[in-house]
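**Student:** Quick one, what's the 3D model for this:
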Amino acid sequence: MSDLKKYIVDSERGYHIRIMAALIVVEVIAILFFSFWPVNESTSINQKIDFSDDTIAIEDVVRTKQQNSPPPPPKPQTPIPEPTDEIIEEEPIELDDLNVSKYSDSLSVEMIGSDGDADQPVSSPQVAPQVIHIVEPTVPEAAKKVNIKAEVWVNFLVDTDGKVEEASIAEVVLYDQESGEKRTVDRINYGLTEATLTAALQWKFRPARNNGQPVKAYSRQIFTYGF
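**Tutor:** Got it, this is the predicted structure:
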């Protein structure tokens, strides 16, 4: 009986010892687990930041310099003529050949001195005579019979009132009835010369003008027959 009690007591002691050992082992494992657990990012927020590596030394600053604008290109050099170059000389302009109608201002015309007087016609007025009334010539019967085909150019001398002071035949061009070829002749027959001049003397013009004043001037017009 006594041996049974002793066995029970020893069993209880051994049980308590094993329990205590298990608790100690669990505590040691827990300590090691938390010791080697990685640090969380939230725990490093309050840590002090070290800027010692970000310090910039003045010696390390690279100095920059603004670039200047490029210089202007050199002035072009005047070419030096070589002996092989051809020199073109301009012909002088004679005042008598100058067309004063190109000059619209009165000062230019006065300087040229081409106004003339009231009795002399102006060769190149600023404003040429303009036709305002035409009289058609009466074609003679002889010209109608031969069915003549011609162009008659007439020179008109128009006075300061716009009337025809003189009329003359300047050029006569005849056309061949079969081939249509034209030729210039000195005069025309069949009474067409007289009919042309008679009608030309009855034409009316707006007179030519220089510096705003009416002047005598010539005008060239054409009469056609058989067209």
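
**Student:** Any buried residues in stretch 119-127, and which?
**Tutor:** Buried residues in stretch 119-127, counted by 16 or more other C-beta atoms under 10 Å: Pro121, Val122, Ser124, Pro125, Gln126, Val127. Where you see a C-beta, it was placed from the backbone N, CA and C, and this is true even at glycine.

**Student:** How much space separates the nearest residue to the first one once chain neighbours are set aside from Tyr190?
**Tutor:** In space, and not counting its chain neighbours, Pro121 is closest to Lys216: 4.0 Å by C-beta to C-beta, 6 or more residues apart in numbering. Summarising the geometry, the distance separating Lys216 from Tyr190, computed by C-beta to C-beta, to the nearest Å, is 33 Å.

**Student:** quick one: which of the two has more around it?
**Tutor:** Lys216 (21 against 18; other C-beta atoms under 10 Å).

**Student:** just checking, the more buried one touches Gly162?
**Tutor:** No. Assessed by C-beta atoms under 8 Å, Lys216 is found out of contact with Gly162, at 10.6 Å.

**Student:** shared neighbours, those two?
**Tutor:** Pro207 (C-beta atoms under 8 Å, 6 or more residues apart in numbering).

**Student:** so where's the protein shaky on pLDDT?
**Tutor:** By pLDDT under 70, the weakly predicted segments of the chain are 1-10, 38-69, 77-118.

**Student:** Helices of that one, start to end?
**Tutor:** Assigned by DSSP state H, the chain shows helices spanning 2-35, 106-112, 141-146, 192-200.

**Student:** tell me the most buried of those helices?
**Tutor:** Of those, the one with the most neighbours on average (mean count of other C-beta atoms under 10 Å) is helix 192-200, at a mean of 18.

**Student:** elements contacting it?
**Tutor:** In terms of contacts (3 or more C-beta pairs under 8 Å, 6 or more residues apart in numbering; DSSP states H and E), helix 192-200 is packed against strand 150-158, strand 164-175, strand 217-225.

**Student:** Repeat the analysis, applying 7 Å as the threshold.
**Tutor:** On a contact count with 3 or more C-beta pairs under 7 Å, 6 or more residues apart in numbering; DSSP states H and E, helix 192-200 meets strand 150-158, strand 164-175.

**Student:** Nearest approach to Gln221 belongs to which of these?
**Tutor:** Between Gln221 and those, the tightest spacing by C-beta to C-beta is seen for strand 150-158, at 5.6 Å.
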